[in-house]
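Asker: Could you work out the structure for the sequence below:
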Amino acid sequence: MSLFLYRANLPRNMIENSMFEEEPDVVDLAKDSAAFPTFPALDPDEVAYEPRSSRLLVRGLGENDMDEDEEDCESSARLLGMSFMNRSSAHRSNSSPYTRQAPPRSCSRPSARTMVVCVLFLVIVASMTMVLYFLPGCTFTKTGCRKENKTTPIEPPFPWSQFRLPHSIRPLSYDLTLNPDLDNMNFTGSTVIKMVVLHNTKRIVLHSANLNISKATFKLDDGEASDVTVLEYKPRQQIALNFSEELKAGQYCVLTLDYSANLSHTYDGFYNSSYTDKDGNKRVLAATQFEPLSARKAFPCFDEPAFKATFLIKINRKPDYMTLSNMPKAKTTPLNNGLVQDEFEMTSVNMSTYLVAFIVGNFTPVSKNVSEILVSVYSVPEKKEHTDYALDAASKLLDFYNDFFEINFPLKKLDLIAIPDFLAGAMENWGLITFRETSLLVGKQSSPLEKQVVASVIAHELAHQWFGNLVTMSWWNDLWLNEGFATYMQYMSLQTVLPQLDIGNLFLAVRFRALDKDALNSSHAVSTAVNSPEQVEEMFDSVSYEKGASILLMLNASLSGDQQFRKGIIQYLKQFSGLNTDTNDLWNSLTQVSTQHQNVSEMMSSWTSQKGFPLVTVSRKGDQVTLTQEHFLLTSDNATHTSSLWNIPVTYVSDNCSLAPECRQLFTLKTKSGTFKVPESVKWLKLNYRNTGFYIVHYGDDGWAALRDALANDVSVLTHEDRASLIHNIFALSRLGRVSFRHVLNLLNYISNETETSPVTEALLQLNKIYQLLDKRQEYSLVARMKTYILHHFGSLMDKQTWEEQESVSKQELRSALLETACGLDDENCTQQAKALFKQYVDSNATSRIPGDLQQVVFNVAAQSAEDWPTLLNLYGHATYDAEKRKMLRGLASTQDARKIVWILKAGLKGNLIQTQELPLVISTVCKGFAGYLFAWDFIQENWDRLIEKFPVGSFAIQTIINSATSQFSTQAHLDQVQGFFSSLKERGSQMRSVQEALETIRLNKRWMEKNLRTLQKWL
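Answerer: Next up is the predicted model:
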């Protein structure tokens, strides 16, 4: 899956359930506080409740075995007493704001009246207890006593108490029939699951969420099918069947479930969507997004990656709709009710449930045959002309991957479809890849930069057809095996297949951002424990994606022998084709093909099993170079990871030879420190050649001075990646407190001679961060000086930029970064040019084209004008080309008008004019401006419950919203506010890792400001 970022689409060690399971503890159903909004959490033996309207009673029992009648009556009495006591205690506590005890008073004798009332109360309670005791097995629930037990039988407790499913049953195949009703936005379904028993068991446990199961039948081997009772435990989205006799290992069985549900109104499960066509008509469709945990919202299933099976899918539809699924359509049959049924071929591969997909709507394809595979790109009919580039890129990439992996794509067809309303960047469903429209559609006049975005996402999702689909991680703790590999392959493949897209700068930038995130104490290991739905969602972050890709790049760069890395991954894919793996399986495959018997597992486990990365410090004495390593940790305390060590393939170049790959030397640092020799005549060393390693380097005062002097004399003495790496590293070291900000500014003195994209864009990004922090702290004199500093050091480069079409992707990246900064700082030359281009665009009725890489800066400037903002909003409402429309939206959200900011935030939440999928983008853009960041923070607090209805707790969208809203706070007051708000959320988000990141980032901002304000005042 591609996470949708705003500049481009970048994209636990687990206690496993034993294969031979033990009987679990009985589930404590009462712990789900949501089930009892009026009562506190109850002991297990105090509860009996009906989880849904399906007539199936689910009960949780305590440890003590007692007669059912006796237990029910005891439950009832306790529940009565407990609710009374808690009401009275709640009343007491609410009547006073104080929690401290009252001072001791002399003990007074109770009055006669009080004693009479107490005796009467005890008599009433005793009488009620006796009445309940002699009722014939009354089950006490929230609604009180019901009919006799013959009409409400007591069901057994839910038989499973863990988040992960038991491994005693394995699904073999699913036969799904779905009846979506797009008029009423609901659907019915029937699921037939064929299973094999792996270990003797008396239960079958699987997943179901928000499905009303109306009928369930079960058949064992060749026996007759019979009705069965289904138990449900909603907090874990699990359902179960209990059997009086054991199912025996080796037996086959069939479970058939009929159910109904509403189409989801969020972006997961089987969800409804709509768009307005070119004639202004509303069109509806239904699409799926199952990764990670939402297949269970469309059909009951074993919804974990390791439960692979085949799927036969049938969908009933109106004749004026079309359907798509993972496999080609086998046949279409008219039904008696005026509907038709599309039946798709059974999947020719075993698939994890999260890869199943189906779509109902109206889409138009363009197609071509590639190596006997029919490749098609689908869009809504009026956007068909924007699909050609995606078809061409997908065809070339499919050929490349077939050849590179030496395994052909295993299905007969590959569909790529642009969904008008889609939250992620894209999703790798096998044979039916779903995309945001901005991730797949580009116009004929699109800039190379826009094509780069689309090609990146296609390359990522196609790589998943092997990494993730063919070979799948066993559990979400190893998500990086899917996402890290797909991210690495997207960059590697495009360098070969579409070199004109110049993808290297983007890959370098995402590696820098991954380092920034992983430097936090709140980061996590690449492979880390996952024990809740929120933790699963949180794995979709820069550690799994970009750090995963970064360590694969480092491994490839350090392996000796031509093509060794490629041979290792081919071995991995062939050995585990159709299976599930963990991280060690990958390292073992790479070790097997090693020409020099390198133990890849020994080297790489230090990079996947612990969070963070090393800081390598260089010192020189004569001809001896000493390297020492430590954990690069921005927030450290006495207890943190002082003993962390990495197996680091340190590369280096020197002034003797610094540019060509042959110049690169390799030294492996496995221990706390190590030494090697260089001639004393060597003036400087640059470690981490072209930034292929995932570590930061500190050269000491002398080392930095030598590198600074070398760049001042000749910029081209280092590769542009190495120059960008020095800039990134020195800002990081300043944030760590190892170098003063004066050292940072000294290094940047060379930048006015810089002409390459990546050093300039990295320097601008870092300086803009500081500028925005100062701006939000209202340090006005420093803000003015920082503005002067940036315009002085980058002014000549800004002035050299043209405003006409530009073909080079790298030059477009450079130009857009420079001009967005210049206009953002109100440089008059820049803003006048942007206003002129916007006027020309409006006067021509949007036929005069603004170069793609300049659209953002032009729309940003237009949005600052009271006259042009409504014009831009009108253009946004009528725009059909999605990449351009998104830039208009960012422009609109960059306004500094308070009323417009409030309007656009509310419009994003409402979802009519601005799709709710764009709300994270709106919030992040608003937060960059001085006028909007506090509005956005208030908006998030006021609308939190609505936000987590639309975006799951822990999801990448929620991570983005939290990070955007809080990352520019740097005061104690804001820290207290953020901490107070999130701690009040409890199960609605207080435990998210992104909350810990937010708090840590605010503390670091505060620390940096307190330490560097004086330096800034002196040096700017």
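Asker: pLDDT on stretch 631-643, on average?
Answerer: The predicted model assigns stretch 631-643 a mean pLDDT of 73.
Asker: same question, stretch 888-902
Answerer: Computed over stretch 888-902, the mean pLDDT rounds to 97.
Asker: What is the distance between it and the centre of its chain?
Answerer: Stretch 888-902 sits 26 Å away from the centroid of its parent chain (Cα atoms, centre = their mean, to the nearest Å).
Asker: Can you get me the start-to-end distance on it?
Answerer: 17 Å (Cα to Cα, to the nearest Å).
Asker: So for it, what gets flagged as buried?
Answerer: 888, 889, 890, 891, 892, 893, 894, 895, 897, 900, 901, 902 (16 or more other Cβ atoms under 10 Å). In short, each C-beta sits where N, CA and C put it, glycine included.
Asker: Among these, which are located in helices?
Answerer: Per DSSP state H, helices hold the following members of the buried residues of stretch 888-902: 888, 889, 890, 891, 892, 893, 900, 901, 902.
Asker: could you pull out the strands for the stretch 651-800 of the chain?
Answerer: 665-669, 673-677, 685-687, 696-698 (DSSP state E, counting those that start in this stretch).
Asker: those strands in the stretch 251-400 of the chain, which residues are they?
Answerer: Using DSSP E, counting those that start in this stretch, strands in the stretch 251-400 of the chain cover 252-262, 269-276, 282-289, 310-317, 322-325, 329-334, 340-344, 358-361, 364-370, 373-379.
Asker: Show me the one of those strands that comes nearest residue 959.
Answerer: strand 282-289 (17.1 Å; Cβ to Cβ).
Asker: buried set for that closest one?
Answerer: For strand 282-289, the neighbour count (16+ other Cβ under 10 Å) marks 283, 284, 285, 286, 287, 288, 289 as buried.
Asker: Now do that strand: which elements does it pack against?
Answerer: Judged by 3 or more Cβ pairs under 8 Å, 6 or more residues apart in numbering; DSSP states H and E, strand 282-289 is in contact with strand 269-276, strand 358-361, strand 432-436.
Asker: Can you give the contact residues for that strand?
Answerer: Contact partners of strand 282-289, identified using Cβ atoms under 8 Å, 6 or more residues apart in numbering, comprise 180, 182, 187, 263, 267-277, 298, 356-362, 380, 419-420, 422-424, 427, 429, 434.
Asker: List buried residues within the residues you listed.
Answerer: 180, 182, 187, 263, 267-273, 275, 298, 356-361, 380, 419-420, 422-424, 427, 429, 434.
Asker: I'd like the strands of the stretch 651-800 of the chain as TSV, with mean pLDDT and mean neighbour count appended.
Answerer: Formatted as TSV, the strands of the stretch 651-800 of the chain follow (pLDDT from 0 to 100; neighbours: other Cβ atoms under 10 Å):
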stretch	mean pLDDT	mean neighbour count
strand 665-669	95	15
strand 673-677	96	13
strand 685-687	98	24
strand 696-698	98	24
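Asker: For those strands, give me CSV that also has distance to residue 414.
Answerer: Output for the strands of the stretch 651-800 of the chain, formatted as CSV (distance: least, Cβ to Cβ, whole Å):
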stretch, distance to residue 414
strand 665-669, 40
strand 673-677, 48
strand 685-687, 43
strand 696-698, 41
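Asker: now for these, which one comes closest to residue 970?
Answerer: Residue 970 lies closest to strand 696-698 among the strands of the stretch 651-800 of the chain, at 22.7 Å (Cβ to Cβ).
Asker: buried sites along stretch 318-334?
Answerer: Within stretch 318-334, the residues that count as buried by 16+ other Cβ under 10 Å are 321, 322, 323, 324, 325, 326, 327, 329.
Asker: What is the nearest of the residues you listed to residue 811?
Answerer: residue 324 (39.5 Å).
Asker: so who does the closest one touch?
Answerer: 357, 358, 359, 363, 378, 415, 417, 432.
Asker: Name the residues linked to it by a beta bridge.
Answerer: residue 359 (DSSP bridges).
Asker: rewinding a little: right, and the helices and strands packed on strand 282-289 - which one's nearest residue 1004?
Answerer: Each of the helices and strands packed on strand 282-289 has some distance to residue 1004 by Cβ to Cβ; the shortest is strand 432-436, at 32.7 Å.
Asker: Starting from residue 632, give me the distance back to the closest residue to residue 698 other than its chain neighbours.
Answerer: Leaving out its chain neighbours, the residue that sits closest to residue 698 by Cβ to Cβ, 6 or more residues apart in numbering is residue 617, at 4.6 Å. Distance of residue 617 to residue 632, computed by Cβ to Cβ, to the nearest Å: 10 Å.
Asker: Tell me how many other residues surround residue 834.
Answerer: 24 (other Cβ atoms under 10 Å).
Asker: So which elements touch the helix or strand containing it?
Answerer: Per DSSP states H and E: residue 834 is located in helix 828-843. Packing partners of helix 828-843 (3+ Cβ pairs under 8 Å, 6+ apart): helix 809-824, helix 855-863, helix 868-878.
Asker: roughly how far is the second one from the heart of the chain?
Answerer: Here the centre of helix 855-863 is set off from its chain's centre by 29 Å, with Cα atoms, centre = their mean.
Asker: so that helix versus helix 828-843, what angle?
Answerer: Per axes from the mean of the first three to the mean of the last three Cα atoms, to 10 degrees, the angle that helix 855-863 makes with helix 828-843 is 90 degrees.
Asker: same check, this time on the last one
Answerer: Using the same axes, to 10 degrees, one finds that helix 868-878 and helix 828-843 are set 50 degrees apart in direction.
Asker: Touching, residue 648 and residue 616? I think so.
Answerer: Yes - using Cβ atoms under 8 Å, residue 648 makes contact with residue 616 at a distance of 6.6 Å.
Asker: and for these two, which residues touch both?
Answerer: In contact with both residue 648 and residue 616: 629, 669, 695, using Cβ under 8 Å, 6+ apart.
Asker: can you give me the end-to-end distance of stretch 644-662?
Answerer: Start-to-end span of stretch 644-662 (Cα to Cα) is 32 Å.
Asker: What are the buried residues along it?
Answerer: Those would be 644-655, 658, for stretch 644-662 by 16+ other Cβ under 10 Å.
Asker: cool, stretch 996-1005 as well?
Answerer: Buried residues in stretch 996-1005, counted by 16+ other Cβ under 10 Å: 997, 998, 999, 1000, 1001, 1002, 1003, 1004, 1005.
Asker: ok, back up a step: format the helices and strands packed on strand 282-289 as JSON lines; extra columns: mean pLDDT and distance to residue 1013.
Answerer: Putting the helices and strands packed on strand 282-289 into JSON lines (pLDDT from 0 to 100; distance: least, Cβ to Cβ, whole Å) gives the following:
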{"stretch": "strand 269-276", "mean pLDDT": "92", "distance to residue 1013": "49"}
{"stretch": "strand 358-361", "mean pLDDT": "98", "distance to residue 1013": "55"}
{"stretch": "strand 432-436", "mean pLDDT": "97", "distance to residue 1013": "42"}
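Asker: Save those as CSV, and put in distance to residue 771 too.
Answerer: Shown next, in CSV, are these (distance: least, Cβ to Cβ, whole Å):
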stretch, distance to residue 771
strand 269-276, 39
strand 358-361, 45
strand 432-436, 31
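Asker: closest to residue 797 out of the ones you listed?
Answerer: strand 432-436 (33.3 Å).
Asker: Report all helices and strands that the closest one contacts.
Answerer: Counting contacts by 3+ Cβ pairs under 8 Å, 6+ apart, strand 432-436 packs against strand 282-289, strand 358-361, strand 413-419, strand 426-427, helix 448-464.
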